[in-house]
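1. Kindly generate the corresponding structure for this input.
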Amino acid sequence: MPDRFAEIPVLRWTQDLSYEEASHRQEERVSNGEEALILCEHPPTITLGSAAEPGDLLQPIEYYASQGITIHESPRGGKVTYHGPGQLVVYPIINLRARGVTVHGHLRFLEDLMIGLSERYGVKVQRIEGKSGAWVDHRKIGFVGVRVRKGFSYHGLSLNVSPQHDPFSGIVPCGMPNLHVTSLQEEAVRPVSSLWDVADRMEALALERLPEYLDKESAA
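-> Prediction:
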């Protein structure tokens, strides 16, 4: 087992890879005991977490198909959310058990990544007590949801890089009616170029902070 996350593969999956296939590939890595940092962008997809309820979808199933949005049940925790173009998705696959990391600590780390990345664009992002994810005031910019199997955490976070309002209007995101979402492009005071430029910064930030985080968590 490597001591530092920087020694573990960084993978990039393009938008033509479906959410379903991405989930399958993560499951394979967990089954094989392989850690990784995966950055990707999904085609338009609504995912139903383990706590999702039928009422979280505000339109008939046929409506989403007509909009080119697929729906998938997801093994991650949480309720319903949306993934699509212009949203950076990060899947850190980490052996929490071997590294002595708690699930709570891992979730907080994912939020810290979104907060730290947003700061690089001049966006003040925070946590809200009792709510998951990353927030600009009371507008949600980033989401977290993980699953743990065989001691490995997978799935992870999604950060809105470009505006995503319309897709979220067809669901009750995270079980929060009337939730307002925002994005880096809408909030930034410094230029936000392409999603993959943002991904470059996210990768660098994760590789910079993860060893220290793992050391801190394992010593706690």
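2. Verify the contact between G77 and V146 for me.
-> Yes - between G77 and V146 there is a contact at 6.4 Å, judged by CB atoms under 8 Å. To be clear about C-beta, it is placed using only N, CA and C from the backbone, and glycine gets the same treatment.
3. Those two: which has the busier surroundings?
-> The residue with more neighbours, out of G77 and V146, is V146; 22 against 17, by other CB atoms under 10 Å.
4. average model confidence for whichever strand in the chain runs longest?
-> In the chain, taking DSSP state E as the definition, the longest strand is strand 139-149. The average pLDDT within strand 139-149 is 95.
5. how distant is the helix or strand just after that strand from the center of its chain?
-> Sequence-wise, the next helix or strand downstream of strand 139-149 (DSSP states H and E) is strand 152-160. Computed by CA atoms, centre = their mean, to the nearest Å, the chain-centroid distance of strand 152-160 equals 4 Å.
6. What is the longest helix seen in the chain packed up against?
-> Criterion DSSP state H: the longest helix present in the chain is helix 195-219. Contacts defined by 3 or more CB pairs under 8 Å, 6 or more residues apart in numbering; DSSP states H and E place helix 195-219 against strand 10-13, strand 36-40, strand 87-95, helix 96-99, helix 103-119.
7. Now do the buried residues in the last one.
-> Read it as helix 103-119. Residues of helix 103-119 classed as buried: 105-118 (neighbour count, 16 or more other CB atoms under 10 Å).
8. Tell me which residue is most central in this protein.
-> L157 (1.4 Å; CA atoms, centre = their mean).
9. any idea how far the closest residue to that residue other than its chain neighbours is from M202?
-> Counting by CB to CB, 6 or more residues apart in numbering, L157 lies nearest to L110, which is 4.5 Å off, once chain neighbours are set aside. Distance, L110 to M202, using CB to CB, to the nearest Å: 11 Å.
10. so what sits against both of those two?
-> Listed as contacting both L110 and M202 by CB atoms under 8 Å, 6 or more residues apart in numbering are V90.
11. Which residue, other than its chain neighbours, is closest to R97?
-> Using CB to CB, 6+ apart, the closest residue to R97 is G151 (2.9 Å).
12. my guess is that neighbour meets L96, correct?
-> Yes - with contact defined as CB under 8 Å, G151 counts as touching L96 (5.9 Å).
13. So between those two, which is more surrounded?
-> More crowded of G151 and L96, by other CB under 10 Å: L96, with 19 against 14.
14. Nearest residue to the more buried one in space, please, no chain neighbours.
-> Here the residue nearest L96, using CB to CB, 6+ apart, is S153, at 5.1 Å.
15. for this protein, what are the low-confidence residue spans?
-> For the chain, the stretches with pLDDT under 70 are 1-6, 215-220.
16. circling back: report the separation between the residue nearest to the centre of the chain and V136.
-> Counting by CB to CB - L157 and V136 are separated by 16 Å.
17. go on, R25?
-> Counting by CB to CB, the gap from R25 to V136 is 32 Å.
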